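Visitor: Fold the following.
(2 chains)
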Number of protein chains: 2
Amino acid sequence: MPTRRSRFASPGRGWAQVGADLIRMAESVSDTAHHGAPLPHGLPGDVLDEVDSALGPRVIPSAGVGESQALARLGDLVARHGLDLTHTRTAAHLQPPPLTVAVVADALAGATNASLDTYDSGPATLAIEQWMIAALADLAGLGAGAGGVFGPGGSYSNLLALLIARDHAASALGLDTRTDGTGALPRPVVFCSRIAHFSIHRACAALGLGESAVVGIDVDDDHRMLPAALESALAAAGDRTPVAVVATAGTTDFGTVDPLPEIAAIARRRGVWLHVDAAYGFGSLFSDRLAGLVEGIDRADSITLDLHKIGWQPAAASVLLLADSGRFAAVDRSVSYLNPTDDIEAGYGGLLGQTLQTTRRPDVLKVAATFLAYGRLGLGSMLDRCHELARHAEQRIATEPHLELIAPVTLTTVVFRYRCADLDAVNAELRRRLIRSGAALIGRTRVVTAGADRPQVCLKLTLLNPEAHEADIDALFDDIIRVALEVEAENTRALSTDADALEASHEH
Amino acid sequence: MPTRRSRFASPGRGWAQVGADLIRMAESVSDTAHHGAPLPHGLPGDVLDEVDSALGPRVIPSAGVGESQALARLGDLVARHGLDLTHTRTAAHLQPPPLTVAVVADALAGATNASLDTYDSGPATLAIEQWMIAALADLAGLGAGAGGVFGPGGSYSNLLALLIARDHAASALGLDTRTDGTGALPRPVVFCSRIAHFSIHRACAALGLGESAVVGIDVDDDHRMLPAALESALAAAGDRTPVAVVATAGTTDFGTVDPLPEIAAIARRRGVWLHVDAAYGFGSLFSDRLAGLVEGIDRADSITLDLHKIGWQPAAASVLLLADSGRFAAVDRSVSYLNPTDDIEAGYGGLLGQTLQTTRRPDVLKVAATFLAYGRLGLGSMLDRCHELARHAEQRIATEPHLELIAPVTLTTVVFRYRCADLDAVNAELRRRLIRSGAALIGRTRVVTAGADRPQVCLKLTLLNPEAHEADIDALFDDIIRVALEVEAENTRALSTDADALEASHEH
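Guide: Residues are numbered from 1 along each chain as shown, chains lettered A, B, ... in the order given. As a prediction, the model looks like this:
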């Protein structure tokens, strides 16, 4: 350990320095700086401009202002113009308040700057990732041959899964997509429900399969994939190449889970790769009460899970699990400066061959710290609490004539809307106004509701703060209804003014 | 801000809590725990097993041990079995010791858990990223229409660049690869030097172009792409579809920079996308002394730069710059729950449309903190110092009859080898032995040296610690030569024992 003052974070003493600097930064941000709301109030353009102006000309300064001043300035900007995920009226996205223990362990990851590509880029974290992957595979019910890898997000994990499935499907036809590209693959097709995450389409575009490879399977009234529709689609695929069936365990809007046992049986019978996108829903397994939701997940060939959703990690803590770790061969590479054969034989391997990344931050440290600190049941009880809050919100909506529940609660989201004449405009505007005022942060989406022929704007709460109370949810709805009434009244006045103006113009 | 004790990190007070926990963790790790070496000594298998055993059975525990104990246990494992990048005999990879100011700002990023996909997932960091991208584009000399995005690593930035180039090339032919896949693209081809980073091949495989799309262009004796060879290859491409020319600014082994002005002129004349992989070399722009190395980078269509290399950031801090931000359209998506049109028109947009990620950690915070703290010239002087150390190493090799310099220093790497009979075996083994003993951590690679017909094992120093001294480099070489002599002696004895055994067997 260096005895003189160093600019660098070093193992051991360096962690204390990071801590001391964080405390100093927190102290330098005045108590009045934080807006005390989910978001800063004001129009987005104005808020972004304020930050931009505070940073000055858009050039890298030649000389610096020193560590303390730089940190104080950024700490202040984030406090004044940032997001507060711990606020009890923040309920928009699958972006949880982060556990302090995870943030601390993630700072440790930063301070070591270990990477997971080779043994000598960070031995300790290499072993910790392998341990954590085995433990997560065990929780998923995968067998002894399972493997997995951490990555920078659920969209990336889905892409990696489809890449591996693509090359596996090609290989079964005697084709080598890795070398020859997807051109030779006869009309590839990926099956997923119509409300699967858009990252499936995005991945197909990236992987050279094209978005037209995606066949959207119909869902039932509970927003779950219809196994019979999947069966028909597979039968209708004819001479196309089925790359994968993607089942969703926890849709972004409804938290609904496709019927995994039935889908797994169909995929197995047809010999098609089954990927389960459990970015949101995997965390059900932490809770004894909710684990049954993802029954059948153990039959997947690959699983995406995001611990920066249910798991309360700072982004990112995404994992791709494979039932057969041998399938990582599709992305394996031998690189003379990283993993030459003689080094691997001598035990100096790494995890370069399981991902598209080279340098890879040890996101596992925060996850391991969290599981060690709270255990599975500790996280399970946080999920149960959020689920209870969602159920409370559902009940409140049921008692509120102004509001309409769009889907029953499965996990921690509640989709609803304000009942009025001009549904889309009023619901969208009331959400923007809540954000603008800083009073509350809620989500929105579009749903084809019963009787409608096109998707309509709905509102959404994503409840991931287990420290919130029922009273906070009630206060949030009070805010929503208050602002909705305002917006509706203005909307009606504007419409009647328009009508008057139209009438007046006709008089001429 | 919550007044009661919360498990979550919240803006303002939460940062102090993270700091306090880090200090407590540092204090809980005993002074004797840290191995005081670049790496723990021992065989890799033994080191990894020790960590695995310390973590216990490979299952997620039902109950937790609490935050403090969890952090103390992980802090101890990382200290005992981790890597020390601040050690003056750590010189293997493009993985720098991380600046404390960056680690602290990154902890702030974790504590806010902001994401860059939408306005309401983190307004402050959205504006900070836009500011930083503009400043980096300015430094690169790109015009006013430039844009860019942070991502999880250089391999990812290269993949994103080639994806955008692929769809751009297809579009010029009236094809829509995003929808229809790469199948219709007539025999795509990507040109790069024979020693370009392997992530180019890996990206081509991922993108459905296939690794056979890569045409490796010959390099000159200084390991730089030969413009005439590129010209011929383009001419020979015939009816193939040129997707991109990839020039490398800072090869991993030699730090060499392809002749950017000549390559840019050829690419422009042929109308082919020019991507510059400046993951390593971009940092030259921080130094008035070395900036000339990347002259011509301003003519790129896209640039990859990794501030977790020259930039001293904890991983990852990679950026993809585009000369024309409009080209991001290839990855843009409209998603009803994130960026509906009416919200975008009202200013509630985000950066979802510039990347393949959805949730995206604000890596920009640490980068902004670093530039504000040290300024461009502060980083430039760190690079100059590492460059001087590399030059010192080069001179030491020149005076050392046991050693052979393989390439002159360009940036901060030095490639050399120990002269002996059994070159590959002795050089590879001496490196492993240095690691095993914990004495030093150096890199290796394979190079086709003058007069050789196949690549041979060479050793490499990657010098990224500006706080190291010339004396440290000398001590490192003393270690290398001491161990080399040992290995060579054992190797000779083993060979002669084998010869004796062979002779003895012949006598029968």
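Visitor: Using CSV, write out every CA atom in the strand or helix carrying A:Asn427.
Guide: Assigned by DSSP states H and E, A:Asn427 belongs to helix A:423-437. What follows is helix A:423-437 as a C-alpha-only set of coordinates in CSV (Å, rounded to 0.1, in the frame of the first residue of the first chain):
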residue,chain,number,x,y,z
LEU,A,423,-58.7,9.8,-22.7
ASP,A,424,-55.4,9.9,-24.4
ALA,A,425,-54.8,13.6,-24.2
VAL,A,426,-55.9,14.0,-20.5
ASN,A,427,-54.0,10.9,-19.2
ALA,A,428,-50.8,11.8,-21.0
GLU,A,429,-51.0,15.5,-19.9
LEU,A,430,-51.8,14.8,-16.3
ARG,A,431,-48.7,12.6,-16.0
ARG,A,432,-46.5,15.3,-17.6
ARG,A,433,-48.0,17.9,-15.3
LEU,A,434,-47.2,15.8,-12.2
ILE,A,435,-43.6,15.5,-13.3
ARG,A,436,-43.3,19.1,-14.2
SER,A,437,-44.6,20.2,-10.8
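Visitor: From the contact counts, what lies against it?
Guide: strand A:413-418, strand A:441-447, strand A:456-462, helix A:470-507, helix B:341-345 (3 or more C-beta pairs under 8 Å, 6 or more residues apart in numbering or on different chains; DSSP states H and E). Using the backbone N, CA and C atoms, a C-beta is placed for each residue, glycine as well.
Visitor: Name the surrounding residues that touch it.
Guide: The contact list for helix A:423-437, computed with C-beta atoms under 8 Å, 6 or more residues apart in numbering or on different chains, reads A:38-39, A:41-43, A:417-418, A:420, A:440-444, A:456-459, A:479-480, A:483-484, A:486-488, A:491, B:120, B:340, B:342-343, B:346, B:348.
Visitor: Report the buried members of those residues.
Guide: A:38-39, A:42, A:417-418, A:420, A:440-444, A:456-459, A:479-480, A:483-484, A:487-488, A:491, B:120, B:340, B:343, B:346, B:348 (16 or more other C-beta atoms under 10 Å in any protein chain shown).
Visitor: thinking again about what came up before, could you tell me the average pLDDT over the helix holding A:Asn427, please?
Guide: On average, the pLDDT along helix A:423-437 is 96.
Visitor: Regarding the residue in the stretch 101-250 of chain A positioned nearest to chain B, what is its secondary structure?
Guide: Among all residues of the stretch 101-250 of chain A, A:Gly208 sits closest to chain B, at 1.7 Å; criterion: C-beta to the nearest C-beta. With DSSP: H, G, I helix; E, B strand; the rest coil as the basis, A:Gly208 sits in coil.
Visitor: That one: what's it in contact with?
Guide: Going by C-beta under 8 Å, 6+ apart, A:Gly208 touches A:181-182, B:166, B:177, B:181-183, B:207-209.
Visitor: try 6 Å
Guide: The contact partners of A:Gly208, by C-beta atoms under 6 Å, 6 or more residues apart in numbering or on different chains, come to A:182, B:181-182, B:207-208.
Visitor: same check, this time on A:Asp253
Guide: Going by C-beta under 6 Å, 6+ apart, the list of residues near A:Asp253 reads A:415, A:445.
Visitor: So it: helix, strand or coil?
Guide: Assigned with three-state DSSP, A:Asp253 falls in the coil class.
Visitor: Could you do A:Thr304 as well?
Guide: Secondary structure of A:Thr304, per three-state DSSP, is strand.
Visitor: re earlier: in the helix holding A:Asn427, what counts as buried?
Guide: A:423-436.
Visitor: Can you lay out those residues as CSV showing distance to A:Val189?
Guide: Formatted as CSV, the buried residues of helix A:423-437 follow (distance: C-beta to C-beta, whole Å):
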residue, distance to A:Val189
A:Leu423, 36
A:Asp424, 33
A:Ala425, 38
A:Val426, 40
A:Asn427, 36
A:Ala428, 35
A:Glu429, 40
A:Leu430, 41
A:Arg431, 37
A:Arg432, 39
A:Arg433, 43
A:Leu434, 42
A:Ile435, 40
A:Arg436, 44
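Visitor: Would you check which pair of those residues lies furthest apart?
Guide: Of all pairs drawn from the buried residues of helix A:423-437, the widest gap by C-beta to C-beta lies between A:Leu423 and A:Arg436 and measures 20.3 Å.
Visitor: and chain A, what are its domains?
Guide: With domains defined by automatic domain parsing, chain A comprises A:15-79, A:115-362, A:376-505.
Visitor: okay, those domains, which one's buried deepest?
Guide: domain A:115-362 (a mean of 23; mean count of other C-beta atoms under 10 Å in any protein chain shown).
Visitor: Distance from it to the middle of the chain?
Guide: The chain centroid and the centroid of domain A:115-362 are separated by 15 Å under C-alpha atoms, centre = their mean, to the nearest Å.
Visitor: got the end-to-end distance for that domain?
Guide: Domain A:115-362 has an end-to-end distance of 6 Å (C-alpha to C-alpha, to the nearest Å).
Visitor: And stretch A:336-356, by the same measure?
Guide: Note: stretch A:336-356 ends 17 Å apart using C-alpha to C-alpha.
Visitor: got it, and stretch A:31-48?
Guide: Per C-alpha to C-alpha, the first residue of stretch A:31-48 is 22 Å away from its last.
Visitor: picking up where we left off before, could you give the backbone dihedrals for the nearest residue to the residue of the stretch 101-250 of chain A closest to chain B once chain neighbours are set aside?
Guide: Once flanking residues are discounted, A:Gly208 sits nearest to B:Gly208: 1.7 Å by C-beta to C-beta, 6 or more residues apart in numbering or on different chains. Per-residue torsions, B:Gly208: phi 80, psi 10 (degrees, to the nearest 10).
Visitor: In terms of pLDDT, where does B:Gly208 sit?
Guide: 97.
Visitor: Output the domains of chain A as a markdown table; include the columns distance to B:Arg202.
Guide: Shown next, in a markdown table, are these (distance: least, C-beta to C-beta, whole Å):
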| stretch | distance to B:Arg202 |
| --- | --- |
| domain A:15-79 | 31 |
| domain A:115-362 | 6 |
| domain A:376-505 | 35 |
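Visitor: Identify whichever of those domains lies nearest to B:Ala300.
Guide: Closest approach to B:Ala300 among those (C-beta to C-beta): domain A:15-79, 18.2 Å.
Visitor: and the closest one, anywhere near chain B?
Guide: Yes. Residues of domain A:15-79 are located near chain B by C-beta under 6 Å from any C-beta of the partner chain, namely A:15-19, A:21-23, A:25-26, A:34, A:44-45, A:47-48, A:51-52, A:55, A:58-67, A:70-71, A:74, A:77-79.
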